[in-house]
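Visitor: 3D model of this:
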Amino acid sequence: MFRSLTIMLVLTFATTLSFASDPKTSKGVVSVAAAGLNGKEVFLKHKCNNCHAVSTAGIEAKTKSKAPDLVDVTVRHEKPWIRRFIRQNDVHVSCPKVDPLRDGKKHAIKFKGTQDEEDALIEWLDQQRSGK
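Guide: Numbering: from 1, shown residues only. Here you go, the predicted model:
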């Protein structure tokens, strides 16, 4: 009896640890925090700051391009559209917030990061709001 109880407790403890260390959310998607990614680091790693500024984070563009400051980018554009745009994906995702003359165009440089990096980047950009 004691041995059975011990085995049951060990199995319960092991199961609890495996769920606690599982980085997946209830929807089965790896969370950005669990993946240990920082969107600002992703932005800098992939040299997005060569063209884009993020003034709320104190990041200035290295070049004088016409690329916009990405403060409020998730206010100006919907996330599925941003994902398609930075990946230069041919699948059209409509965004009512986008100027029809710009909708359907591709980003100048294709984002080559992982899906987790893209998630971290977009989550971080979503936090970069001007407070307007």
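Visitor: okay, CA-based contacts and neighbour counts for the rest of this
Guide: Fine.
Visitor: give me the pLDDT value at Ile109.
Guide: Predicted confidence (pLDDT) at Ile109: the value is 90.
Visitor: and what of Ala35?
Guide: 67.
Visitor: ends of stretch 58-66, what's the gap?
Guide: 18 Å (CA to CA, to the nearest Å).
Visitor: tell me the buried residues in it?
Guide: Ile59, Glu60, Ala61 (16 or more other CA atoms under 10 Å).
Visitor: verify the stated contact: the second one with Lys47.
Guide: No: contact between Glu60 and Lys47 fails when scored by CA atoms under 8 Å: they sit 11.6 Å apart.
Visitor: show me where this protein has its helices.
Guide: 2-20, 32-35, 39-45, 73-76, 79-87, 115-127 (DSSP state H).
Visitor: quickly, which of those helices bottoms out on average pLDDT?
Guide: Among the helices of the chain, helix 2-20 scores lowest, with a mean of 41.
Visitor: excluding sequence neighbours, find me the nearest residue to Asp126.
Guide: Thr74 (5.4 Å; CA to CA, 6 or more residues apart in numbering).
Visitor: ok, the closest residue to Asn50 other than its chain neighbours to Val42 distance?
Guide: Counting by CA to CA, 6+ apart, Lys62 is the residue found nearest to Asn50 once chain neighbours are left out, at 4.7 Å. Per CA to CA, Lys62 is found 16 Å from Val42.
Visitor: ok, Val54 next?
Guide: For Val54 relative to Val42 (CA to CA), the value is 13 Å.
Visitor: Cys51 now?
Guide: From Cys51 over to Val42 (counting by CA to CA), the distance is 15 Å.
Visitor: neighbour count winner among the two?
Guide: The residue with more neighbours, out of Cys51 and Val42, is Val42; 21 against 17, by other CA atoms under 10 Å.
Visitor: next, work out how far apart the more buried one and Ser94 are.
Guide: In terms of CA to CA, Val42 sits 26 Å off from Ser94.
Visitor: done for today, thanks.
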